[in-house]
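Peer 1: Compute the structure for the input listed below.
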Amino acid sequence: MEEYPNNPCFETMKCIIYVGLSYTKAKLLAWDHNIDNEYRMSMNFIQRIRFIHNEFEEKCGGDKTKVSLAFRKECCMELSYQIEEKIKSKGDKVNSDISRGMDNIFQLAFRP
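Peer 2: Below you'll find the predicted structure:
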């Protein structure tokens, strides 16, 4: 407004308040806004651990036996970590190698 005092576009600001959203809907809405605005913020190591730990508590109830390959893949996708599925000679996927680069983060995140 200081830079363009005669432009009426800068005299008001639009604010939308969302109430009663579930955790999933709020996350999808945030992703949508970030994609629209081309906003990207990288997470540091501790933030990644906290995110995966919160997802682990919410979706697995803190039980390590409920952690599946699908859960690991989902966490990797949420953190924009590129996963490569290695294929055996017969076409079987080597599941243990999919998120190997994130194993140190998963080990810390799955602790109480």
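Peer 1: those helices in this structure, which residues are they?
Peer 2: When assigned using DSSP state H, the helices of the chain occupy the ranges 23-36, 45-60, 69-78, 103-109.
Peer 1: okay if I get those as TSV plus distance to F10?
Peer 2: Using the backbone N, CA and C atoms, a C-beta is placed for each residue, glycine as well. Shown next, in TSV, are the helices of the chain (distance: least, C-beta to C-beta, whole Å):
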stretch	distance to F10
helix 23-36	20
helix 45-60	34
helix 69-78	36
helix 103-109	43
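Peer 1: Can you give the distance of stretch 2-21 from its chain's centre?
Peer 2: The chain centroid and the centroid of stretch 2-21 are separated by 29 Å under C-alpha atoms, centre = their mean, to the nearest Å.
Peer 1: quick one on the thing from earlier: got TSV for the helices of the chain, with mean neighbour count, mean pLDDT and distance to C9 too?
Peer 2: Shown next, in TSV, are the helices of the chain (neighbours: other C-beta atoms under 10 Å; pLDDT from 0 to 100; distance: least, C-beta to C-beta, whole Å):
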stretch	mean neighbour count	mean pLDDT	distance to C9
helix 23-36	11	77	19
helix 45-60	15	88	35
helix 69-78	15	82	36
helix 103-109	15	86	44
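Peer 1: As CSV, could you dump the C-alpha coordinates of stretch 45-62?
Peer 2: Included here for stretch 45-62 are C-alpha records, laid out as CSV according to Å, rounded to 0.1, in the frame of the first residue of the first chain:
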residue,chain,number,x,y,z
PHE,A,45,15.7,-33.3,10.5
ILE,A,46,13.9,-32.8,13.8
GLN,A,47,10.7,-31.6,12.0
ARG,A,48,10.7,-34.8,9.9
ILE,A,49,11.1,-37.0,13.0
ARG,A,50,8.2,-35.1,14.7
PHE,A,51,6.0,-35.4,11.7
ILE,A,52,6.5,-39.1,11.3
HIS,A,53,6.2,-39.7,15.0
ASN,A,54,2.8,-37.9,15.1
GLU,A,55,1.6,-39.9,12.1
PHE,A,56,2.9,-43.1,13.8
GLU,A,57,1.0,-42.2,17.0
GLU,A,58,-2.2,-41.3,15.1
LYS,A,59,-2.3,-44.1,12.5
CYS,A,60,-0.6,-47.0,14.3
GLY,A,61,-1.4,-46.1,17.9
GLY,A,62,2.2,-46.2,18.8
